[in-house]
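>>> Fold the following for me, if possible:
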Amino acid sequence: MLKKALAVAAGSLLTAGTLGAAELYGNLRGIPPNTQMSVKCGQASFKPSIDKNGNYRVAGIPPNSTCTLELVNAGAKSSQVWVPVKSGQVAFNASIRIAGSKILVLKE
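Now for the predicted structure:
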């Protein structure tokens, strides 16, 4: 009985932590293979994977966050891109270009 009550309580805590969480997703066209992405939203940090088609998804973002997105590939680095995330699902799509040691993120 105690184990069941603890399991229910733990499940409730996990659900409460994710309730209202936002999600950032999109497509980065022209992104080179092996590009690393980092997303920071307040105190939360994420390292989402990017598939071979440039699709990515970040779940569990605190609602009403301002996130910064940054890309790194073989010594080239992007500037921080600001993306406001209110609640629910937020799409951010961009085209990627590399110019020397800079990755250009062109919002679509």
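
>>> For the rest of this, base every contact and every neighbour count on C-alpha atoms.
Noted.

>>> Skip ahead from the least confident helix or strand in the chain by mean pLDDT and say which helix or strand is next.
Every helix and strand of the chain was ranked by mean pLDDT, DSSP states H and E. The lowest is helix 2-18, at a mean of 43. Next in sequence after helix 2-18, counting helices and strands by DSSP states H and E, comes strand 22-29.

>>> avg pLDDT for that next one?
When pLDDT is averaged along strand 22-29, the result is 97.

>>> Likewise for stretch 77-92?
On average, stretch 77-92 scores 95.

>>> Quick one: distance of it to the chain centre.
8 Å (Cα atoms, centre = their mean, to the nearest Å).

>>> Output that stretch in PDB with nothing but the alpha carbons.
C-alpha atoms of stretch 77-92 as PDB (Å, rounded to 0.1, in the frame of the first residue of the first chain):
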ATOM      1  CA  LYS A  77      29.700  29.600 -34.200                       C
ATOM      2  CA  SER A  78      26.400  31.500 -34.500                       C
ATOM      3  CA  SER A  79      25.400  34.600 -32.600                       C
ATOM      4  CA  GLN A  80      22.800  34.000 -29.900                       C
ATOM      5  CA  VAL A  81      19.300  34.100 -31.500                       C
ATOM      6  CA  TRP A  82      16.500  35.200 -29.200                       C
ATOM      7  CA  VAL A  83      13.200  33.300 -29.400                       C
ATOM      8  CA  PRO A  84      10.300  34.200 -27.100                       C
ATOM      9  CA  VAL A  85       8.400  31.100 -25.900                       C
ATOM     10  CA  LYS A  86       5.000  31.800 -24.300                       C
ATOM     11  CA  SER A  87       3.200  28.500 -23.800                       C
ATOM     12  CA  GLY A  88       2.200  25.500 -25.900                       C
ATOM     13  CA  GLN A  89       4.200  24.900 -29.100                       C
ATOM     14  CA  VAL A  90       6.400  27.600 -30.700                       C
ATOM     15  CA  ALA A  91       7.900  27.100 -34.200                       C
ATOM     16  CA  PHE A  92      11.300  28.600 -35.100                       C
END
